[in-house]
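> Next input, structure requested:
(one chain, ligands or ions: 1)
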Amino acid sequence: MNTERLNETSKFLSYVLRHEPHAIDLELDSEGWADIECLIASAAKYGRSLDRALIQAAVRNSDKKRFSISNDGLRIRAAQGHSTSSVRIQHIEKEPPEFLYHGTTTRFLTSIRQQGLIAGSRHHVHLSTDKPTAIAVGQRHGQPVVLRIFALRMYQQGFKFFKAENGVWLTAEVPTNSIVEEDQATNSSSDRETASAKT
Ligand code: HQG
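Now for the predicted structure:
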């Protein structure tokens, strides 16, 4: 199947399954599931031609496993990344590793240094277990910066962490004292905020 068509379909699925189901009058349940036949019919009404094979190929091709199809093959959902208020997935709560990483960009740093990480329009702050993923996430916004998060210590302080079914770690917020800016040049932590992170 044509890669461009798959990418375009993946973007469309992200849009309606994470953010704007109502743009095509699609109903999602609170766990984010949409009936695939309804999705195809709703999309068609709004001029987007989809079929089951195309949807399945887009799901299979998603590098980040963005979507899941239910075991009975009837329903589809986005694994994480939602902003729509019609969805509240009960993600599995889990003890995180000592460190997790967040990718962002230089122009957000001043605000992050003041406020910590906030979920913004999404339901959670998104974190990864490895730095290359964080760099790729940050690059979507501009010059990437990797933030190391003292995840286990936050967890021990009572912050909740969740692991989405595609491996992305989620938490509601990250306070400034749990963030260290990784130094891209040396691949080690810079001095900035290290002191507060260690308190
Ligand atoms: C930043 C992609 C200023 C935050 C990825 C980020 C991910 C702040 C941006 C998923 C801030 C939000 C999510 C603060 C956080 N002040 N900026 N206090 N706190 N920010 O796109 O994490 O390809 O909503 O650093 O792989 O970039 O779509 O979140 O830069 O898993 O499947 O605000 O989306 O997945 O941007 O990306 P986003 P994100 P997909």
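
> need the residues of the protein near the ligand, please.
Within the chain, the positions near the ligand by C-beta under 6 Å from any ligand atom are 14, 64, 66, 81, 104-105, 108, 111-112, 115, 117-118, 120, 122, 126, 137, 140-141, 168. In this view, the C-beta of every residue, glycine as well, is placed from N, C-alpha and C.

> In helices, which of those residues appear?
14, 111, 112, 115, 137 (DSSP state H).

> And the furthest pair within these?
Using C-beta to C-beta, the two most remote members of those are 14 and 115, lying 26.2 Å apart.

> Who has more neighbours out of those two?
Set residue 14 next to residue 115 and count neighbours by other C-beta atoms under 10 Å: residue 14 wins out with 17 against 13.

> The more buried one touches residue 64, doesn't it?
No. The criterion here is C-beta atoms under 8 Å, and residue 14 misses it with residue 64 at 10.2 Å.

> outside of stretch 67-74, which residues touch it?
If you take C-beta atoms under 8 Å, 6 or more residues apart in numbering as the criterion, stretch 67-74 is touched by 10, 13, 17, 33, 35-37, 56, 58-59, 75-79, 165-166.

> one more time with 10 Å
10, 13-14, 17-18, 31-38, 52, 55-56, 58-60, 62, 75-79, 164-166 (C-beta atoms under 10 Å, 6 or more residues apart in numbering).
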